[in-house]
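*Asks:* A structural model of the following input is requested.
(one chain, ligands or ions: 2)
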Amino acid sequence: MKEDSRLFRLESQPLSVPVLVPMPAERPYSYAVPDGMQVQPGSIVRVPLGPREVAGIVWDGATDTVDPKKLRPISEAFDCPPVEEGMRRLVDWIASYTLSPPGMVARMILRAPEAFDPQPWTEGLLRTENEPDRMTAARRRVLELSSDGLAWTRSGLAHAAGVSLTVIDGLKAQGVFEQVMIPPRSVVAAPDPGYAAPDLTDGQKAAADVLRERALAGKFSVTLIDGVTGSGKTEVYFEAIAAAVESGRQVLILLPEIALTQAFLERFHDRFGAKPAEWHSDLPPRMREKVWRQVAEGTVRVVAGARSALFLPFNNLGLIVVDEEHDPAYKQEDRVYYHARDMAVVRGHIGSFPVVLASATPSVESQVNALQGRYKRVALPQRFADAAMPDIRSIDMRKAPPARGGFLSPVLIDHVRKTLAREEQSLLFLNRRGYAPLTLCRVCGHRFQCPDCSSWLVEHRFRGQLLCHHCGHNEKRPDACPECGTFDHLVACGPGIERIAEEVVGHFPDARTIVLSSDIMGGVKRLRLELEAIANGEADIVIGTQLVAKGHNFPNMTLVGVVDADLGLANGDPRAAERTFQLLSQVTGRAGRTGKKSHGLLQTYQPDHPVMRAIVSGDAEAFYDREITERERSHLPPFGRLAGIIVSAQTRAEAESHARALRRVAPASDDIHVLGPAEAPLALIGGRHRFRLLVQGERRSDMQGYIREMLAAGPKIRGSVRVSVDIDPQSF
Ligand code: ADP
Ligand code: ZN
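*Replies:* Residues are numbered from 1 along each chain as shown. Ligands and ions are numbered 1, 2, ... in the order given. Model prediction:
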């Protein structure tokens, strides 16, 4: 372990150390080190905190010069590899960048408490050179099995050989076996970089060579793999992973929706002969603990995980790959507001190792970084094996409107019919869960609204509920209007995927349809099965949300119809065009992955919108050029900087007056100004009223310093008021 030299020797063991505890504390707290206890920066310890005990991390530096006798002592030092220096610097960095208490960032590392104690070794038996006094058939079976040179558990060996435990014990008594201790099994086998190296095309090979070289260079770099859907980006970055694994380093692959990427794990297995360890919130606790521990010990070499995997205690990390780097799921907006892609780059910088970003539709930020030479761009402009990109057209809904009460244009329905006739699959995409986004009473005009949020309740007809998509509030769908009491006059306004499914079944009653969104009954397990079923061709028409838009490989899918291509453009967010472009590219990219002729159809009321034109023409470059020019002209990220300060409280008045008071103490500045406060885009969530201040600065402005000063000068946080800062907000 590379930090052994930093172990304090017993005589120089400090009397007290700083410990970062998982609390919103600005600094580590000081604790006394009891006689004989060995700790070093990074050690995970248990410490008293008020009336409780919590796990914390011994931090760097010295404690304040307090008499150690007055400090409370550390209760226990866990027998666990220390959190390495790069990780501790990442915590400090994120804390200062996001203006979060370092303890709250450290908390994200400390998420597998049982793992801090070593997992127990089990007793096992190992064959010696001694022979038994006499041979029986049972004994022969045991000896054959155990001649593999590996240790067996007593019961495992008895079971495998089909003999009773007394046979095993008899052999042991004769010295045929010796007792050994077996370490805990590793959660995944070691990946073999040479297991099944692919035949890359010339273009892929050139890209892979760049990545390999960078993976082995032993220094920080960022490479952006910019390649159309199906071009082999995964295939190519696997070569960077192979290189890193060969050189003995650990690898982290970040994926936006890990719970749904069984297919990815399989693919990794095909290439490396073993799966990567998974890390995400659906992992069972026992598994979490094992993965955490084995990452810390270095037994696990490759992890594929959601954004939180960034906080696993790697001790030898040498490469991070961020797949679908543009995906909004990388942004966490809870407690610590951070963007996992950006923090992955910081982690690479701190640890002097390469970072690879991959996307068919890179974020504008990454595009600009590549243009300005900070990132190296590696392009894969063609689909593998001459698979053509789908032929994409827009359907002008003003000219080809749907039948009354429907949402699908006759043009689209006709395409679905033809696709069915060819026995190929169609995907109808609408990024809206449920049946209808708004329910109102035809008699009095009453609209069903969430009591705790400023949003409409969404009807979910399969469940018979009205549901709030922001706080989860739900109620049974009533038959009568609660306002005027009239029965049977409630109308559903607008479509969700359930309603589209109803329309599809009306047109194609014999087709096999699957409706897919995150609120599917049966959760992630069911979702995985359904995705598999689609890939295996067991559905004719799929109706789904963005969940089906991303990453999947459906070999028989040749038609993608976007029900409402304008949907994401409606809000006033400056990122709306970028997001819509990315989503529409991704979803139409599901079509024609295996070379069959394929189509993408966009139902739109604005066929001349630059986003629609870019998708139809396939000219991504023109779109990015325009978008980048626009951002630069209006000083928006990445050319200028933004931060949101959200003030929330139980009453509107409290939230507003605190926000106004903050505004009044905003320091004067040449390069930074503050807008607002205004009601936040969602003014009420979960019963909390929200106001927002927007801080806008230049590219080089010290946003953090400015905001820190403002918060320090602001009023004391009182009552139900809460203030959170969102540096680089994703919507603004
Ligand atoms: P992307 O990640 O860019 O969408 P993938 O890496 O998923 O592309 O590749 C698309 C499909 O083409 C996959 O099924 C993959 O296995 C296949 N493929 C890509 N490159 C090769 C190759 N060189 N040899 C064999 N199959 C390939
Ligand atoms: Zn709500």
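
*Asks:* near residue 77, how many residues? Count them for me, please.
*Replies:* Residues lying near residue 77 (other C-beta atoms under 10 Å) number 19. For every residue, glycine as well, the C-beta is placed using N, CA and C.

*Asks:* can you map out the helices along the stretch 101-250 of the chain?
*Replies:* Residue ranges of the helices in the stretch 101-250 of the chain, as given by DSSP state H, counting those that start in this stretch, are 102-106, 137-146, 154-161, 165-173, 202-216, 233-246.

*Asks:* any bit of the worst-scoring helix or strand of the chain on mean pLDDT sitting next to ligand 1?
*Replies:* Ranking every helix and strand in the chain by mean pLDDT, DSSP states H and E puts helix 523-535 at the bottom, with a mean of 87. No. For helix 523-535, no contact with ligand 1 is found by C-beta under 6 Å from any ligand atom; the gap never falls below 11.0 Å.

*Asks:* against which helices or strands is that helix packed?
*Replies:* Judged by 3 or more C-beta pairs under 8 Å, 6 or more residues apart in numbering; DSSP states H and E, the packing partners of helix 523-535 are helix 262-272, strand 513-516.

*Asks:* repeat that with 6 Å
*Replies:* For helix 523-535, there is no helix or strand it packs on, judged by 3 or more C-beta pairs under 6 Å, 6 or more residues apart in numbering; DSSP states H and E.

*Asks:* buried stuff in that helix?
*Replies:* For helix 523-535, the neighbour count (16 or more other C-beta atoms under 10 Å) marks 527-528, 530-531, 534-535 as buried.

*Asks:* residues in contact with the helix or strand just after it?
*Replies:* Next helix or strand after helix 523-535 toward the C-terminus (DSSP states H and E): strand 541-544. Strand 541-544 has contacts (C-beta atoms under 6 Å, 6 or more residues apart in numbering) with 426-428, 497, 500-501, 504, 511, 513-516, 534.

*Asks:* from those, which is closest to ligand 2?
*Replies:* Nearest to ligand 2, judged by C-beta to the ion, of the contacts of strand 541-544 is residue 497 at 20.3 Å.

*Asks:* quick check, the closest one in contact with residue 429.
*Replies:* No. Residue 497 lies out of contact with residue 429 (C-beta atoms under 6 Å); the separation is 8.8 Å.

*Asks:* more neighbours, those two?
*Replies:* Neighbour comparison, residue 497 and residue 429: the larger count goes to residue 429, with 28 against 24 (by other C-beta under 10 Å).

*Asks:* show me what contacts that one?
*Replies:* 562, 587.

*Asks:* any idea which element residue 694 lies in?
*Replies:* strand 688-698.

*Asks:* that strand: how far from the chain's middle?
*Replies:* 25 Å (C-alpha atoms, centre = their mean, to the nearest Å).

*Asks:* in its sheet, what does that strand sit against?
*Replies:* Strand 688-698 pairs in its sheet with strand 640-649 (antiparallel), strand 673-685 (antiparallel), by DSSP bridges.

*Asks:* what residues sit buried inside the first one?
*Replies:* Across strand 640-649, burial judged by 16+ other C-beta under 10 Å covers 640-649.

*Asks:* likewise for stretch 509-523?
*Replies:* 511, 513-517, 520.

*Asks:* what does stretch 666-681 give?
*Replies:* For stretch 666-681, burial by neighbour count (16+ other C-beta under 10 Å) applies to 666, 672, 674, 676-677, 679-680.

*Asks:* mind checking how far stretch 335-348 is from the chain centre?
*Replies:* Relative to the centre of its chain, stretch 335-348 is centred 11 Å away, using C-alpha atoms, centre = their mean.
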